[in-house]
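Chemist: Quick one, what's the 3D model for this:
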Amino acid sequence: MRKFPALLLVLAGFALCADKLTVEKAIDIREPSELRFSPGGKRVALTLREPPVGRGSLRHIWVYDAVTHETRQWTTSEKSEFSPQWSPDGKFLAFLSDREDNGQIWLMPASGGEAVRLTTGKNAVSQFKWSRDGKTIAFLAPEPRSAEEEKKQRDGDDERVIGERNPPRIWTIDIASKKVTRVTQGVYAVREFEWMPDGKHFLAVATDKPDSDLRNTEAIYSVAIEDGRFTELARPKAPFRELRVSPDGASVAFVMSPEEGPSAQDLFIAPADLHSMKNVTAAKDRPVGNFEWLNNSEVAALLTIGFHSDVETLGGASRKLADTGPLDVSQFAVSPQGAVVYVADAAGRILRVQELRWNADRSRAVPRRGDAGGRAGADHRDDSRRSRGIVAQSFRRADAVAGGARIHGVSAQYPRVGGIRAEISRIE
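Modeler: From the prediction side, this is the model:
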């Protein structure tokens, strides 16, 4: 059995001072999400939401380097970038951005430099996945709007005819030629999909009744990439979400309600044909958050009991992947080499750090132009101002005494206040 390091990187919710919390300070917080390990396990890409300005807040891609222990801002446009995904060979980082009106896929060298727009359609991309050989990206988007529909949108005409919705479809784009191919069509509206290892099929969640007001009309399908043909594999009666295909393609994991509702919370594992399903969390009675495959038989999952969450393995002998102490994990990622990275905070209070043994100089806490493990282009900026939300110094094999708990490991600090959304009066 492969042993997993208990902790490589913690993106934890520390407050760096003991000042009394105010509404202004609570708003001025940067929030990390969408953690993605590079294939080599030496970098972590993540999305960071900036403090709100006006009616909204921007999101940008940052990258943590586990070798240098530096965290750098990777994208710096005046719009948002999110959903980072490394190419299978680790040479490129793809992401979604609304830099030019609607959300499209952009591609950037992993060594830094200028981001290039990959998709150019008038239909906004909602999600995408690299093929396992790295030659193709599949994405989810509706049909492009017609000239008449664009005119109605410009004129503010929101009239819609029942039965004329534009369902999300699966498309593919060849990385080298940028040729876009529509895979699915007809009445099917696709909610999510996964590549199968053979590169010839998708596993997809879709409905053939997109205009129905009935619940649970979705089914799990095998979709042939060559002709877009849907083959139904299973039609669960209960709510379900988040299909994940095992590395060898032999199994599928997903979260589903153990009965017919009201929400999906148990983890099920099934063979790829979905002829049988096993609830691997039935004995735990703990809701499952995000999850991912560790190998062909085990899944790492975020389990919640009360107000506390931990990352544990399922499908084999259950064990914790990280000793989080009093911290509550909100999301995580596991590298192919078995390292764990997670976002955590303390429910209802600010963790006060009394002791840190730093090994990084403050001058290296921000990105410098031309210093990104290669050249840096327009998507990097010289930002020497002190960032309240990102403190990129790290401490190596050091202890941080936080709220009476001792946290171990190599950490990049992302200050975040736990419990702020639930009840500000509970924060101490």
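Chemist: Identify each buried residue in stretch 90-99, please.
Modeler: Gly90, Phe92, Leu93, Ala94, Phe95, Leu96, Ser97, Asp98, Arg99 (16 or more other C-beta atoms under 10 Å). No exception for glycine: its C-beta is placed from N, CA and C like everyone else's.
Chemist: any idea which element the nearest residue in space to the second one that is not next to it in sequence lies in?
Modeler: For Phe92, the nearest residue in space outside its immediate sequence neighbours is Leu107; the separation is 5.5 Å by C-beta to C-beta, 6 or more residues apart in numbering. Secondary structure here is read from DSSP states H and E; on that basis Leu107 sits in strand 104-109.
Chemist: Tell me the helices and strands packed up against that strand.
Modeler: strand 92-97, strand 116-117 (3 or more C-beta pairs under 8 Å, 6 or more residues apart in numbering; DSSP states H and E).
Chemist: what residues does it touch?
Modeler: Strand 104-109 is contacted from outside by 74-75, 81, 91-99, 114-121, 124-125, 128, 137, 139, 173, 175, 374, 379, using C-beta atoms under 8 Å, 6 or more residues apart in numbering.
Chemist: what angle sits between it and strand 92-97?
Modeler: Calculated by axes from the mean of the first three to the mean of the last three C-alpha atoms, to 10 degrees, strand 104-109 forms an angle of 150 degrees with strand 92-97.
Chemist: Partner strands of strand 104-109 and their direction?
Modeler: Sheet pairing here is set by DSSP bridges, and for strand 104-109 it gives strand 92-97 (antiparallel), strand 116-117 (antiparallel).
Chemist: Same list as before, these that is, but in a markdown table and with mean pLDDT and distance to Asp248 included.
Modeler: What follows is the strands paired with strand 104-109, written out as a markdown table (pLDDT from 0 to 100; distance: least, C-beta to C-beta, whole Å):
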| stretch | mean pLDDT | distance to Asp248 |
| --- | --- | --- |
| strand 92-97 | 97 | 24 |
| strand 116-117 | 94 | 33 |
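Chemist: wait, which of those strands is closest to Lys278?
Modeler: Among the strands paired with strand 104-109, the nearest to Lys278 by C-beta to C-beta is strand 92-97 (33.8 Å).
Chemist: Ok, which of the strands paired with strand 104-109 comes nearest Ser57?
Modeler: Closest approach to Ser57 among the strands paired with strand 104-109 (C-beta to C-beta): strand 92-97, 14.9 Å.
Chemist: give me the low-pLDDT residue ranges for the protein?
Modeler: In the predicted model of the chain, residues 1-29, 147, 149-150, 153-165, 261, 346-428 satisfy pLDDT under 70.
Chemist: all helices of it, in order?
Modeler: 23-27, 147-154 (DSSP state H).
Chemist: Pretty sure Ile175 sits against Asp133.
Modeler: No - contact criterion C-beta atoms under 8 Å: Ile175 and Asp133 do not qualify, at 10.1 Å.
Chemist: quick one: which of these two has more around it?
Modeler: Per other C-beta atoms under 10 Å, whichever of Ile175 and Asp133 has more neighbours is Ile175, with 17 against 10.
Chemist: Name the nearest residue to the more buried one, ignoring sequence neighbours.
Modeler: Closest residue to Ile175 apart from its sequence neighbours, by C-beta to C-beta, 6+ apart: Lys135 at 5.8 Å.
Chemist: got a list of what that neighbour touches?
Modeler: The contact partners of Lys135, by C-beta under 8 Å, 6+ apart, come to Asp174, Ile175, Ala176.
Chemist: contact partners of stretch 244-259?
Modeler: 194-198, 203, 220, 236, 238-243, 263-272, 274, 277, 279, 282, 288, 291-293, 295-297, 299, 315.
Chemist: what about that stretch, how long is it end to end?
Modeler: 21 Å (C-alpha to C-alpha, to the nearest Å).
Chemist: likewise stretch 118-135?
Modeler: 13 Å.
Chemist: What distance do you get for Thr207 to Thr231?
Modeler: According to C-beta to C-beta, to the nearest Å, Thr207 stands 15 Å off from Thr231.
Chemist: try Phe307
Modeler: Taken as C-beta to C-beta, the span from Phe307 to Thr231 is 43 Å.
Chemist: same thing with His69?
Modeler: Per C-beta to C-beta, His69 is found 48 Å from Thr231.
Chemist: and if you look at Val311?
Modeler: From Val311 to Thr231 the distance is 35 Å (C-beta to C-beta).
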